[in-house]
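A structural model of the following input is requested.
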Amino acid sequence: MTAKLQKQIQALDKELEDQDLYDKFPEKAAAKVKERAEVVAKLTKAEEHWMTLSDEYEQAMAS
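Got it, this is the predicted structure:
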């Protein structure tokens, strides 16, 4: 899941590098910036969840 989200962020970053997007389509640019922020938030949540599960696993294995 995290790999998919990272690829999504990379694709959005590539789109957002295009200055014409901001100049010619400011609404689309704003939507892409918002979409990127949402994907970053999902990635952060997934990574935090993974860390929690990893910690729980390590604790269970140590018992």
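
For the rest of this, base every contact and every neighbour count on C-alpha atoms.
Will do.

burial count for Val40?
Using other Cα atoms under 10 Å, Val40 has 16 other residues around it.

typo on my end, Glu58
Neighbours of Glu58 under the rule other Cα under 10 Å: 11.

where are the low-confidence patches of this structure?
Within the chain, no stretch has pLDDT under 70.

Now do the contacts for the residue nearest the centre of the chain.
The centroid of the chain falls nearest to Val40 when counting by Cα atoms, centre = their mean (2.8 Å). By Cα atoms under 8 Å, 6 or more residues apart in numbering, Val40 lies in contact with Leu5, Ile9.

repeat for Glu47
Contacts of Glu47 by Cα under 8 Å, 6+ apart are Thr2.

switch to 10 Å and redo it
Glu47 sits next to Met1, Thr2, Ala41, Leu53 when contact means Cα atoms under 10 Å, 6 or more residues apart in numbering.

Closest one of those to Ser63?
Leu53 (15.5 Å; Cα to Cα).

For Thr2, see how far away that closest one is.
Going from Leu53 to Thr2 by Cα to Cα, to the nearest Å gives 14 Å.

ends of stretch 12-25, how far apart?
15 Å.

just checking, Arg36 touches Lys7?
No: if you go by Cα atoms under 10 Å, Arg36 and Lys7 don't touch, sitting 11.2 Å apart.

Between these two, tell me which one has more neighbours.
Ranked by neighbour count (other Cα under 10 Å), Arg36 and Lys7 place Arg36 first, with 20 against 11.

Helices of the protein, residue ranges please.
2-16, 19-24, 26-62 (DSSP state H).

For Asp13, give me its contacts.
Lys7, Lys32, Val33, Arg36.

From His49, how far out is the third one?
Computed with Cα to Cα, the distance linking Val33 and His49 is 24 Å.

Phi, psi for Asp18 please.
Dihedral angles of Asp18 (phi, psi; degrees, to the nearest 10) stand at phi -80, psi 110.

That one and Pro26 touch, don't they?
No: at 11.6 Å, Asp18 and Pro26 do not qualify as touching, with contact defined as Cα under 10 Å.

Could you double-check that Ala46 lies in contact with Met1?
Yes: Ala46 lies in contact with Met1 (Cα under 10 Å); the separation is 7.8 Å.
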